[in-house]
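Colleague: This is a predicted model, with the sequence first.
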Amino acid sequence: MSATPTLWSITRRSLAKDLRLEWRSKDAINSMLFFALLVVVIFSFGFDPTAEESRRIAGGLLWVAVLFATVVALNQTWTRELRNQVLDAYRLSPAPPQALFLSKTIGNFLFVAILEVLMVPLFVVFYNLRSVGPVWQLLVVALLATWALVVNGTFFAALSIRTRSREIMLPLILFPISIPALLAMVDATTSILTGDNSPYFWMRLLAVYDVVFTAVSLLLFEPVLNAE
Amino acid sequence: MESPVSGIVPAQPAVELHDVARHFGRFAALRGITADFAAGRLHVLLGENGAGKSTLLRVMAGLLAPTRGTVRVLGATTQREVATRFGYMGHAPLLYDELSAMENLAYFASLYGIHDDLRCAEAIRTVGLDPKLERRVGQYSQGMRQRISLARAIVHQPELLFLDEPFSNVDVGSARQMTTLLADMRDAGTTIFVVTHQAALMESVADECMVLEAGRMVAREKGIPERMLSPYAMEARA
C-alpha cells in the first residue's frame, strides 16, 4: 500500500525506529545515567546541607545535572544518523523534514524523562528533600523544562552535526540560548520546594519559551537538515 | 550543446545538465558539464578516482547543490518535487547497523508512504537475500550490505536510479546477479546511472558510457568500448 507520507505517520515511524535503536544499543541512556549519577554523588560529597538549605539549592543542582546529561544524549541522537550516512536516505525521501525533528525531540524527551524519574528519588535520599509546595506543580515544571531543554538541544545538535568538534560546539551554542529556560526551571522548582514564592510566573515563562522555540525550530529545520 | 556524443540522440531526457559546476572550497570537482541523458537507458559513468563521478551523481540526486549551472531531473529543477520517482545508492550503505534488513526496509519504505511488508520482502529477495534473516545489518558482510542497500534504493520502485559503486566488495557471482537485475529494470523502463570502476561487469548491459576526467566529461560513447574495459584503460589513454 502506498500513501502520501504525513507528518504524523513519519514522526511515529521515526520515533519507533529511534526507540528500537536505543533499546538495542543503549548508547544514550547509559551515558546519561552514568553522568547524572556522578553529578549527584559528587555534589552530595561537596555539600552537607540542612533540609532547609537543600530545598533552596536542589532545584539548581537537579537541573544542572539534567542539562549536562541531556547534552550527552543529544550528541548521540544525530551521531547514529551520520553513521553509514543514513541521513542522506532521509533527505532524499519525500518525508517531511519536520517529522524527523519531531521524532528526535520526542525521543529525547522520553530519554530525559526516564532519567529524571530515576534521578529524583536519588535527590530525595541524598539531599533529604521534602517539598513544601504541591508536588503536581513540580510535575508540570518538569514537563515544561524537559521540553525546553530537548527542543533547543535537538535543533542545535542538528545544526552542529557537520562541524568537526560537534561535542564542544553543542554546549557552546546551547547553554547561552538556554539561560532564560534554565533560570525559569530553577526558580520555579525552588519556589515550589521552599513554598516561599509563587512559581506561576516562571512556569508561564517556560511555557512561552517552549512554544516559541518549538515553532522556530520547526520552521528552520529544513535548511538545517539540507545544509552541506 | 557541447558534448562529445557519438551516435546518441537523447529523447525525452531523464536528466538534463547545463553547465554544471561544483566546487569544494577552491577545488573544482565538476567543471561545466552539459549533457542530456535519455530515459529508459543504462548509463555508466567511468573515470579515475577523484574524476568527479560520485559528485556528479550526488548533484543529480539533489544531495549536493551545483555551484553553477542547472540540473533537471525528470523535468523538475528541485529533486524534492520528484523524490518518490528516483532512488539512490551511495558509497555508504545508508542503513542502520542495529536493525535487520526487513526493519531497515520497512522504515525506509514508510518514508515513501509504503506500509507493505510483502513489498519489502520482495525487494530483499530481488537482490538475492532472505528477508527472514534476523541478523542485524551491522553483522552482514560488506557484499550483503551492498545488496540490502540496493534493495533500499528500489523498494519504492523508482523510474530513475542512481548507483554509486554498487559492485564494490561484492563477489563476482553476486555482481552478475545485480547486473542482470539492473538490465531487467532497464528493460522495464527504469533509467539507471551506474558509477563504477568495474566496467567489464556492465559491458553487456550498458547503453552508453561517459568518461569523466578532472571534473569534465571527456568522452561519451554507445555501450562500453573495449579500450575502456581494462582497469588501466585510463592510464593507457594518457
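Modeller: Received, thanks. Computed from a predicted structure; not experimentally measured.

Colleague: CA only for contacts and neighbour counts going forward, please
Modeller: Noted.

Colleague: got a list of contacts for the helix or strand harbouring A:A36?
Modeller: Per DSSP states H and E: A:A36 is located in helix A:27-46. Applying CA atoms under 8 Å, 6 or more residues apart in numbering or on different chains, the external contacts of helix A:27-46 come out as A:22, A:61-62, A:65-66, A:68-70, A:72-73, A:76-77, A:111, A:115, A:119, A:122-123, A:126-127.

Colleague: Now the element after that helix, going C-ward?
Modeller: Immediately after helix A:27-46, counting by DSSP H and E, sits helix A:51-82.

Colleague: what's the angle between that following helix and helix A:27-46?
Modeller: Counting by axes from the mean of the first three to the mean of the last three CA atoms, to 10 degrees, helix A:51-82 lies at 160 degrees to helix A:27-46.

Colleague: helices and strands around the helix or strand following helix A:51-82, which ones?
Modeller: Next along the chain after helix A:51-82, taking DSSP H and E as the criterion, comes helix A:86-92. For helix A:86-92, there is no helix or strand it packs on, judged by 3 or more CA pairs under 8 Å, 6 or more residues apart in numbering or on different chains; DSSP states H and E.

Colleague: okay, the angle between the helix or strand just after helix A:86-92 and helix A:27-46?
Modeller: Counting by DSSP H and E, the next helix or strand C-terminal to helix A:86-92 is helix A:97-127. Angle, helix A:97-127 to helix A:27-46, by the same axes, to 10 degrees: 30 degrees.

Colleague: For helix A:97-127, what is the distance to the chain centroid?
Modeller: 6 Å (CA atoms, centre = their mean, to the nearest Å).

Colleague: Could you give me the buried positions within that helix?
Modeller: Within helix A:97-127, the residues scored as buried using 16 or more other CA atoms under 10 Å in any protein chain shown are A:97-113, A:115-116, A:119, A:122-123, A:126-127.

Colleague: show me which of those residues neighbour chain B.
Modeller: Taking CA under 8 Å from any CA of the partner chain as the test, chain B is in contact with none of those.

Colleague: How far does the helix holding A:A36 sit from its chain's centre?
Modeller: 15 Å.

Colleague: The residue most central in space within chain A is in what secondary structure piece?
Modeller: The residue lying closest to the centre of chain A (CA atoms, centre = their mean) is A:V150, at 3.2 Å. If you go by DSSP H and E, A:V150 is part of helix A:135-160.

Colleague: Can you give me the buried ones in that helix?
Modeller: A:137-138, A:141-142, A:144-160.

Colleague: and residue 113, what pLDDT?
Modeller: The chain I'm using is chain A. pLDDT recorded at A:A113 is 95.

Colleague: wait, I meant chain B there
Modeller: pLDDT, read off for B:G113, is 94.

Colleague: Is it correct that it is in contact with A:P5?
Modeller: Yes. Using CA atoms under 8 Å, B:G113 is in contact with A:P5, at 4.4 Å.

Colleague: Next one: the nearest residue to A:N108 once chain neighbours are set aside from A:T190, what distance?
Modeller: Distance criterion CA to CA, 6 or more residues apart in numbering or on different chains; nearest residue to A:N108, sequence neighbours excluded, is A:V150 at 6.2 Å. Distance of A:V150 to A:T190, computed by CA to CA, to the nearest Å: 21 Å.

Colleague: what helix or strand is the closest residue to B:V170 other than its chain neighbours on?
Modeller: Spatial nearest neighbour of B:V170, chain neighbours left out: B:G143 (4.3 Å); criterion: CA to CA, 6+ apart. Secondary structure assignment for B:G143, by DSSP H and E: helix B:142-154.

Colleague: Quick one: mean pLDDT for that helix?
Modeller: Rounded mean pLDDT across helix B:142-154 is 94.

Colleague: Return the alpha-carbon coordinates of that helix using PDB.
Modeller: Extracted in PDB, the C-alpha atoms of helix B:142-154 (Å, rounded to 0.1, in the frame of the first residue of the first chain):
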ATOM      1  CA  GLN B 142      30.200  -5.900   3.000                       C
ATOM      2  CA  GLY B 143      28.700  -7.500  -0.100                       C
ATOM      3  CA  MET B 144      25.400  -8.300   1.700                       C
ATOM      4  CA  ARG B 145      25.200  -4.700   2.900                       C
ATOM      5  CA  GLN B 146      25.600  -3.500  -0.600                       C
ATOM      6  CA  ARG B 147      22.800  -5.700  -1.800                       C
ATOM      7  CA  ILE B 148      20.500  -4.600   1.000                       C
ATOM      8  CA  SER B 149      21.400  -1.000   0.100                       C
ATOM      9  CA  LEU B 150      20.300  -1.700  -3.400                       C
ATOM     10  CA  ALA B 151      17.000  -3.200  -2.100                       C
ATOM     11  CA  ARG B 152      16.500   0.000  -0.100                       C
ATOM     12  CA  ALA B 153      17.100   2.100  -3.200                       C
ATOM     13  CA  ILE B 154      14.500   0.200  -5.300                       C
END
